[in-house]
Each structure stands twice: as structure tokens, then as C-alpha cells.
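> from the sequence below, what's the structure:
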Amino acid sequence: MKILIITQAVNSEDFVLGFFHRWIEEFAKHCEEVYVICLYKGAHQLPHNVHVYSLGKEKGDTSRFQYVVRFWSYIWKYRSQYDAVFVHMNPEYVVLGGLLWRVLHKRIGLWYVHKSVTLKLRLATLLADVVFTSVPQSINRKSKKIRSMGHGVDTSAFSRLSVPLFHPVTPRLVSVGRITPIKNLEIPIHALALLREKGIAATLDIIGSPAVPTDSAYEESLRVLINDKKLDASVSFVGSISNIDIPAVYAQYDLSINAAPTGGIDKVVLESMAAGVLPLVSNEAFRTYFGEHASNLIYKDQDPGDLANKIQRLLIRTDIPKLQQDLRDSAKQHADVTLLVPAIIKQLHDSDI
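Presented below is the predicted three-dimensional model:
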């Protein structure tokens, strides 16, 4: 198969989107040629059969009209070079190109993991042959076209590192991801305060950055909360880091906290599992991934007291190495990129979709 992939960024160093570089590498292993159209082109090192074309954001271009013109020119110019289209997370590209691809008999696949249902998503669902998502809770739509595929984490990048040593006396907590209200970062901060009141010398690092002004205002409110709780010496805002460095960074921590509500499968939790860093979440969608350990790792939504109690119970367990390995194995079994990409390609090949 020759495939056209459309994504926001091709940049292995991007904190949020850098993981997709590894997806492209995997597509290149299974496809004769891979053409990629991206909004932003940054650092990348891809196989010889991958061809990357940018809409120009990295050059400072901000004209949406220019983006659309370039997009149309690319999909038309290379129309004979690809058999199928895979659009990652941006349904507007399916809306823009879907009719042409239909006329040209190109199979169209959209990957979408978000609970918001927009007009663009509705139109894209009509035009696409198949809509991929991680789990049913990841997309707030009902359609026969939807396929739940798991996720695509480069678990090998994490498994190369030794499982981190566990520090029950001075536990190091981390939250990874964009700083935004839906992440509910005040919950782990309140939980940390409760732990320290009990004499547990825990610390919390928040890795990530705000993306829009409302996110920045939210970060400032968190700083005020930290000050009010007298946690300035215990909580650090690390900022964003290169995607390449994430496996090594995880190895510095004992527990990761993800306070996002029940919904999609957050990739950072899967990365934490692959790294052997025990995740605590309020998202019930992870119950399958955690298996027999779910009751110990899923806390009540919006309940810092329950989170603190779960952490405290983990600190006295004697089977932590087994728990770490079980979660590593689960991540590899359910969310490895080497399993996801061939499954996507098979769906795009399937004449019955």
C-alpha cells in the first residue's frame, strides 16, 4: 500500500505531538511509500520511503487560506502516489479533501480521540470509510464506521530502561501533559497536601505547559493554591520537555498522577505503565488496562482524599516490582505502536469497511 498521512506536526522533539514521528516510522515499515502532509515540519529522521510536505507554519506563515491552497495542491499533485489516506486528529482535513478522495476512490481513515463532537467531525464521519479511536469512551459518537484500536506507544523506548527503584519514604510524584483545566491538576496538589500532613515527604513535579491564555490563567491559579497550601518547596513546574527525553524522565519518578475525567485513553498513562512508573487515575476507561490492579490504581473522580489513600496504600506494598512488570506487560500487549499501525493498515485494506 502507498499511503497519505495528514497530521499536525512532524517533529520528534515536540512535547505533545513528537510521538507521531514513531507512528510514521512504523507506517514506513508496512507501506511501499508514505506521503505526509503536516502543518508544521520540525526535527525528523525518517526512512527513505517517507516524503514530508509542510503547509508552512514553521516558516511563520499564518494564513489559513495559504494552508488550504497548499493542502489542495499537495493532495492533487500526488494523487497517483497514494492508495489510501490516514488523517490524524484533524477532521477538517477530511472535510477539505474527502470529496476529491471519494471521486478518486481513495480509502479514508480518520483517527480521533476526543469527546467534543463538532460539525467538522460529523461531516468527516460521513466522508470517511473508517473512524479509528482508542476505546469507545474516546469518541462521543455512534457510527458503524468507528473502530476501537487501542493506542500506539513506543513501549520499546521505555522497556530499554530498567524499572525505576521505588522510594516509599520519599515518593516522587509526576503529572505529565498540557496544563489545562480538564487535567484537574488541583486534585494531586490537594492530595499531596494531605500526604504531607500525614508525615509522608512526597513531592510533585508537573511536566507540561499551557497552550492558550485560559491555560495560563489556570496555571496561575494552581500556583496560588500551592502557595496557600505551603507546598512551594514540594511542587515544581518543570515545563515542556522533548518527546525524545520522556522515557529517561519517567525513570526519575515512583508514581504518576493523571486526574483527567473518564473518557479517552490518555497516552501519558500508557507511557507511565511502559516505564514501570505506577499510574493513579480517575479515568474508568483504564480498568481493562490495569486488570487485577485496577481497584488499587483508580481513585474516585475529584476526590483528593481517595487519591491520597491509594498512594499511601501503595507505599506499604511489598510486591511493587511485580506490579510494575504487570503494567509494563499490559502496555505492550494493549497499546504498542507495532501492533496498532498494522491493524490500521489492515482496516484501510478491508473492502468491507
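> okay, how far is it across stretch 22-42, tip to tip?
14 Å (C-alpha to C-alpha, to the nearest Å).
> buried sites along it?
22-28, 31, 33-42 (16 or more other C-beta atoms under 10 Å). Quick note: C-beta positions are derived from backbone N, CA and C, even for glycine.
> correct me if wrong: residue 277 contacts residue 249.
No. When contacts are counted by C-beta atoms under 8 Å, residue 277 is not listed as touching residue 249 (9.9 Å).
> comparing those two, which residue is more hemmed in?
residue 277 (28 against 17; other C-beta atoms under 10 Å).
> which residues does that one contact?
164, 174, 250-251, 253-256, 324 (C-beta atoms under 8 Å, 6 or more residues apart in numbering).
> what of residue 303?
Remark: with contacts taken as C-beta under 8 Å, 6+ apart, residue 303 is in contact with 187, 282.
> distance of it from residue 311?
12 Å (C-beta to C-beta, to the nearest Å).
> confirm residue 85 sits in a strand?
Yes. Assessed by DSSP: H, G, I helix; E, B strand; the rest coil, residue 85 belongs to a strand.
> quick check: it touching residue 111?
No. Under the contact definition of C-beta under 8 Å, residue 85 does not touch residue 111, with a separation of 11.3 Å.
> buried set for the helix or strand harbouring residue 156?
Taking DSSP states H and E as the criterion, residue 156 maps to helix 155-159. For helix 155-159, the neighbour count (16+ other C-beta under 10 Å) marks 155, 157-159 as buried.
> from those residues, pick the one nearest residue 198.
Residue 198 lies nearest to residue 158 out of the buried residues of helix 155-159, by C-beta to C-beta, at 31.2 Å.
> coming back round to it: format the contacts of residue 277 as TSV; extra columns: neighbour count, pLDDT and secondary structure.
Listed next are the contacts of residue 277 as TSV, based on neighbours: other C-beta atoms under 10 Å; pLDDT from 0 to 100; DSSP: H, G, I helix; E, B strand; the rest coil:
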residue	neighbour count	pLDDT	secondary structure
164	17	72	coil
174	25	98	strand
250	22	93	helix
251	16	90	coil
253	24	95	coil
254	24	95	coil
255	24	97	strand
256	26	98	strand
324	19	94	helix
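> save those as CSV, and put in distance to residue 203 too.
Output for those, formatted as CSV (distance: C-beta to C-beta, whole Å):
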residue, distance to residue 203
164, 15
174, 9
250, 15
251, 16
253, 9
254, 10
255, 11
256, 13
324, 20
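> of the buried residues of helix 155-159, which is the nearest to residue 192?
Minimum distance to residue 192 across these is 25.0 Å, recorded for residue 158 (C-beta to C-beta).
> pretty sure residue 336 sits against residue 153.
Yes. Counting by C-beta under 8 Å, residue 153 is a contact partner of residue 336 at 6.4 Å.
> which helix or which strand is home to residue 237?
Here residue 237 sits within strand 235-239, counting by DSSP H and E.
> now the stretch 251-353 of the chain, which segments are flagged as low pLDDT?
Filtered on pLDDT under 70, the stretch 251-353 of the chain yields the residue ranges 351-353.
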